[in-house]
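Colleague: Structure for this input, please:
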Amino acid sequence: MSRRPQPSAPVTPPPASRHGRPRGGAASVRRFSVPGALEVMEGRVLPSGATITVNNPNDDGSSSVLSLRQAIDLANGTLPLASLAVAQANQVSGLSIGANPVIVFDPGLAGTTITLVGSELPAVTADLTIDGSGAPSLAVSGGGLSRVPEVAAGARAGVSSLTLEDGTGRPSSDAPAGSGGVILNAGTLTLTATTVTASAH
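Modeller: The predicted structure follows:
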């Protein structure tokens, strides 16, 4: 005598969440986000902790190399990565705004002087480090016409292994005449193995 197949037990779907999606079950997928781990800039998802390599010995916007002025604008978030030429964008690794980026220098700049062209570098508004150890004996000069770096209120900056020279305090939108010499610091600035010379207030 043949046996009839026994009916299988009814399958009960997992309870729905308040959004109408099933909870639990082998096919359920949970997604987790980690605040601050990734940030989106100009349509690209980039890990935190930028490394920006300056390889321009001049204070200009040549499309084939990246200047220190551009590097600070990138770190501040005022220069979109997408606006750079491909050769310049290749000097940026892991850029994420507000993630303590590090500006470094190409070894080919060792022993050279980057002279600013009449105006100080952009005020640092993001927490960042400028590290010259990869290009020994590198100097940044105000050319006797301007300060070199400025650190805005609330920002924290570190400068290491550089010479900052030939700067002068000049009037700006946020400082009276004579404020600062090579440096104007309204935030927190740490200098390590850095020489400041020929500073006129």
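Colleague: ok, now how distant is the closest residue to Asn55 other than its chain neighbours from Gly118?
Modeller: Nearest non-adjacent residue to Asn55, counting by Cβ to Cβ, 6 or more residues apart in numbering: Asp106, 3.8 Å away. Yep, even glycine has a C-beta here, placed from its N, CA and C like the rest. The gap separating Asp106 from Gly118 is 24 Å, by Cβ to Cβ, to the nearest Å.
Colleague: of these two, who's got more company?
Modeller: Neighbours of Asp106 and Gly118, each counted by other Cβ atoms under 10 Å, are more numerous for Asp106; the result is 17 against 11.
Colleague: Angles on the backbone of the more buried one, please.
Modeller: Per-residue torsions, Asp106: phi -60, psi 140 (degrees, to the nearest 10).
Colleague: Compute the mean per-residue pLDDT across the lengthiest helix in the chain, please.
Modeller: The residue-count maximum for a helix in the chain (DSSP state H) belongs to helix 68-76. Averaged across helix 68-76, the pLDDT comes to 95.
Colleague: quick one: buried residues of it?
Modeller: 68-76 (16 or more other Cβ atoms under 10 Å).
Colleague: could you dump the residues you listed to a markdown table with distance to Asn185?
Modeller: Putting these into a markdown table (distance: Cβ to Cβ, whole Å) gives the following:
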| residue | distance to Asn185 |
| --- | --- |
| Leu68 | 18 |
| Arg69 | 18 |
| Gln70 | 22 |
| Ala71 | 19 |
| Ile72 | 15 |
| Asp73 | 19 |
| Leu74 | 21 |
| Ala75 | 17 |
| Asn76 | 16 |
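Colleague: Of the residues you listed, which is the nearest to Asp60?
Modeller: Taking Cβ to Cβ as the measure, Asp60 sits nearest to Arg69 out of these, at 8.4 Å.
Colleague: can you give me the helices in this protein?
Modeller: Going by DSSP H, the chain shows helices at 68-76, 86-89.
Colleague: closest to Pro101 out of those?
Modeller: If you check each of those against Pro101 by Cβ to Cβ, helix 68-76 wins as the nearest, at 4.5 Å.
Colleague: For the closest one, which outside residues touch it?
Modeller: If you take Cβ atoms under 8 Å, 6 or more residues apart in numbering as the criterion, helix 68-76 is touched by 50, 52, 54, 56, 59, 61, 79, 81, 84, 88, 92, 95, 101, 103, 114, 116, 121-122, 124-126, 128, 130, 140.
Colleague: Show me which of those are buried.
Modeller: For these, buried by 16+ other Cβ under 10 Å: 50, 52, 54, 56, 59, 79, 81, 84, 88, 92, 95, 101, 103, 114, 116, 121-122, 124-126, 128, 130, 140.
Colleague: Take these and keep only those in strands.
Modeller: In this view, the buried ones among the contacts of helix 68-76 that belong to strands under DSSP state E are 52, 54, 92, 103, 114, 128, 130, 140.
Colleague: Quick check: the farthest pair among those residues?
Modeller: Val92 and Val140 (19.8 Å).
Colleague: any idea how far Ile72 lies from Gly111?
Modeller: 22 Å.
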